[in-house]
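Chemist: coordinates only, sequence not included:
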């Protein structure tokens, strides 16, 4: 028998052979956000297909170029919550300077007056759990572990 929840919405606990449609998510782009979403969907057993326009996952990387360093602070807990435990444990593989982090130096981001060389400001040192510098290419590779990407695909149109 249906009941009302705290918000007045009718709720039924009866399954009565009602089949819920299966959700399948299409992810356009295998960048950091797309791959993080794919990891979370996979973790929650939600089917998905991820597409990327590049011909391979490493197409944007020049040999010897590690790419952009990203400072991850306020979103670090959110990133960890999306990933399976085995990938959370491997996050240090993505750090820009893993050795510095291991000895407690997570960066103070000094700001200098370039005309005088004078230090104008810096941010306080914090623990690894609060802020790390992550190399974009390495993070993208880690987020792609166990995720099949349909490469060389372009999104043109959505028909409903």
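Modeler: Yep, it's here. Note that the structure is a prediction, hence the values are computed from the model and not measured.
Chemist: which secondary structure state does residue 40 sit in?
Modeler: Recorded secondary structure, residue 40: helix (DSSP: H, G, I helix; E, B strand; the rest coil).
Chemist: check contacts around the residue nearest the centre of the chain.
Modeler: In the chain, the centroid-proximal residue (CA atoms, centre = their mean) is residue 36; its distance is 3.5 Å. Contact analysis of residue 36 by CB atoms under 8 Å, 6 or more residues apart in numbering lists 79, 82-83, 143. Glycine gets a C-beta too; all of them are placed from N, C-alpha and C.
Chemist: please report how far the closest residue to residue 23 other than its chain neighbours lies from residue 40.
Modeler: Among residues not flanking residue 23 along the chain, residue 46 sits closest, at 5.9 Å (CB to CB, 6 or more residues apart in numbering). Residue 46 sits 8 Å away from residue 40, going by CB to CB, to the nearest Å.
Chemist: and residue 153, by the same measure?
Modeler: 21 Å.
Chemist: please apply the same query to residue 141.
Modeler: 18 Å.
Chemist: ok, now residue 78?
Modeler: 10 Å.
Chemist: please, which helix or strand holds residue 129?
Modeler: Using DSSP states H and E, residue 129 sits within no helix or strand.
Chemist: contacting residues for it?
Modeler: residue 76.
Chemist: where does this structure dip in pLDDT?
Modeler: 1-21, 57-67 (pLDDT under 70).
Chemist: now do the helices in it.
Modeler: Listed in chain order, the helices of the chain (DSSP state H) span 32-43, 76-82, 85-90, 98-102, 136-143.
Chemist: reformat those as a markdown table; add distance to residue 125.
Modeler: Converted to a markdown table, the helices of the chain look like this (distance: least, CB to CB, whole Å):
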| stretch | distance to residue 125 |
| --- | --- |
| helix 32-43 | 26 |
| helix 76-82 | 16 |
| helix 85-90 | 23 |
| helix 98-102 | 11 |
| helix 136-143 | 22 |
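Chemist: how close does residue 155 get to residue 80?
Modeler: Taken as CB to CB, the span from residue 155 to residue 80 is 29 Å.
Chemist: quick one: which of the two has more around it?
Modeler: Comparing residue 155 with residue 80 by other CB atoms under 10 Å, the one with more neighbours is residue 80, at 14 against 10.
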